[in-house]
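Everything below, folded, please.
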Amino acid sequence: MMEKIEIRDFVGIKYITLEVKQINILIGPQASGKSIVAKLLFYFKSFISELINSADKSKSKRDLDKSFKGKFEEYFPSSSWGNKNFRIRYSVNQDFIEIHRKQRAKKSSSEIVLSYSDFYKNEFAELKSLIQKQSEKFAEQDLQASMLSRFDVVYDIQRSFLYKAAESLNKVATFSQLYIPAGRSFFANLKSSIFTFLSEKNAVDPFLVEFGTYYERMKNPVRLSRLRRSINDKQLNDEIALLNKKILCGKYLKEDGEDYLEMDEGRKINIANSSSGQQETLPLAIILGTIAFMKPKVGGNSIYIEEPEAHIFPAAQRDMVELISTVYNSRKDSLQFLITTHSPYILTAFNNLLQAGFLANDSNEEELKKISQLVPSSRFILSNELTVYSLSDGYSHSILDINTGLIDANIIDQVSNELAIQFDQLLDLDI
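You can find the predicted model right below:
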């Protein structure tokens with residue numbers, strides 16, 4: 001089953017079409033559209049949850065469309081669209097959701113038009129009808145019993161809908177989503193409950209608020225303690241903890257409502273006084289450290305990560321890639337990643353894991369042991385699980401070599417080669 005997004009003439013993007021797999025990497029210079037692509041995918045994949053919420057509230061199709069178009073303008077303010085009549089289409093096999101811009105007749109302004117395939121229309125109508133029938137049945141019961149019964153029944157209806165959507169579309173099309181934006185040091189220093197407040201005031205970028213609210217919940221000491229007690233895969237937990245410690249250069253602690261990093265010698269540093277790299281990676285490390293053990297009852301998780309390399313040394317960037325791959329392999333049937341990056345080190349680290357996966361695929365037991373001594377098997381990546389796209393000048397192209405299954409080394413080394421040529425030219429100057 002193919003999941004795909006196609007973007008024309010939107011926010012500086014001329015034409016981009018991407019196939020979406022389990023791990024997806026976008027690399028390119030600043031302002032090349034990487035985050036726009038990631039946020040558009042997040043937006044379109046949220047339609048399933050929007051559909052469920054609208055059905056639960058007995059909204060009409062017109063109300064559903066209005067709400068979803070409103071979310072588009074919230075995520076992508078009209079001032080950023082440019083002057084062209086853009087068209088954006090998200091599809092899973094033959095089913096699609098599309099947004100396009102249309103000029104109003106005899107007016108200088110324009111409007112956005114939302115359309116989607118019959119699958120979504122029919123399923124919305126059926127879901128709303130089922131929920132309404134059950135609500136009418138429970139309206140005749142005792143209020144408290146009715147509310148509890150309705151909650152259980154509606155939950156079962158919604159869960160059945162998700163199973164049906166996963167079967168008809170693709171399992172990943174129904175995944176719950178988490179967008180982890182860049183600038184994560186912002187979250188590390190803010191006190192608890194601030195994002196709950198901001199979400200009610202609509203005062204900040206919605207992607208920042210959504211992640212901040214999730215991060216607040218995940219850092220809750222009671223929740224973390226409950227999660228740790230439920231972990232039964234000690235080997236995986238230890239591997240993730242070790243990678244997190246290497247990335248953070250310390251162990252994360254929470255004492256008296258404050259966040260600390262404990263160094264090997266026992267010294268504790270308040271996160272507010274830690275390095276920019278530690279502040280940037282702490283929220284990401286906490287989320288990745290917990291997501292491996294939090295498989296939803298239905299579906300899975302699509303995780304979007306902006307700039308995992310931000311403010312950290314190349315060795316730590318490698319460790320971050322190995323952490324992502326370890327978490328992915330812990331539940332690869334129910335995880336999907338999209339990563340935006342500027343860093344060739346991120347690509348090189350993934351290339352090593354691809355090479356390890358390629359070698360392991362045809363190796364015997366003795367050979368596999370040798371490979372695993374260099375790269376643990378929990379970090380192997382297969383090329384059919386991965387897409388890598390380079391974005392520049394408004395276009396995209398795949399940089400995954402179809403013959404080797406590896407990321408094109410020329411892209412990785414391009415800037416280094418240019419710098420080396422410049423250095424040689426300086427040495428050749430007759431001065």
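
ok, which stretches of the stretch 251-400 of the chain are strands?
Counting by DSSP state E, counting those that start in this stretch, the segments of the stretch 251-400 of the chain that form strands are 251-255, 258-262, 268-270, 301-306, 335-341, 386-392, 395-398.

okay, these in JSON lines with distance to K61 and mean pLDDT next?
Using the backbone N, CA and C atoms, a C-beta is placed for each residue, glycine as well. Below are the strands of the stretch 251-400 of the chain laid out as JSON lines (distance: least, Cβ to Cβ, whole Å; pLDDT from 0 to 100):
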{"stretch": "strand 251-255", "distance to K61": "46", "mean pLDDT": "88"}
{"stretch": "strand 258-262", "distance to K61": "46", "mean pLDDT": "89"}
{"stretch": "strand 268-270", "distance to K61": "52", "mean pLDDT": "92"}
{"stretch": "strand 301-306", "distance to K61": "25", "mean pLDDT": "97"}
{"stretch": "strand 335-341", "distance to K61": "28", "mean pLDDT": "97"}
{"stretch": "strand 386-392", "distance to K61": "33", "mean pLDDT": "96"}
{"stretch": "strand 395-398", "distance to K61": "33", "mean pLDDT": "96"}
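
okay, these, which one's buried deepest?
strand 335-341 (a mean of 24; mean count of other Cβ atoms under 10 Å).

Partner strands of it, with direction?
strand 23-27 (parallel), strand 301-306 (parallel) (DSSP bridges).

Off-centre distance for the shortest one?
Centroid separation between strand 23-27 and its chain, computed with Cα atoms, centre = their mean, to the nearest Å, is 11 Å.

list the buried ones in stretch 22-33?
22-28, 32-33 (16 or more other Cβ atoms under 10 Å).

okay, and the helix or strand of this protein with the least pLDDT?
helix 194-201 (a mean of 52; mean pLDDT, DSSP states H and E).

Return the residues in contact with the residue nearest the centre of the chain.
Nearest to the mean C-alpha position of the chain, counting by Cα atoms, centre = their mean, stands Y304 at 1.7 Å. Contact partners of Y304, counting by Cβ atoms under 8 Å, 6 or more residues apart in numbering, are 38-39, 41-42, 177-180, 337-340.

and what of I16?
5-7, 33, 37, 391, 394-396.

Select, from those, the two members most distant in space.
Distance extremes for the contacts of I16: the farthest pair is I5 and G394 at 15.2 Å, using Cβ to Cβ.

between those two, who's got more neighbours?
I5 (19 against 16; other Cβ atoms under 10 Å).

quick check, the more buried one in a strand?
Yes: assessed with DSSP: H, G, I helix; E, B strand; the rest coil, I5 lies in a strand.

what pLDDT does it get?
Looking at I5, its pLDDT is 98.

I'd like to know how far it sits from T17.
According to Cβ to Cβ, to the nearest Å, I5 and T17 sit 7 Å apart.

same check, this time on I381
23 Å.

Between the two, which is the more surrounded one?
I381 (26 against 13).
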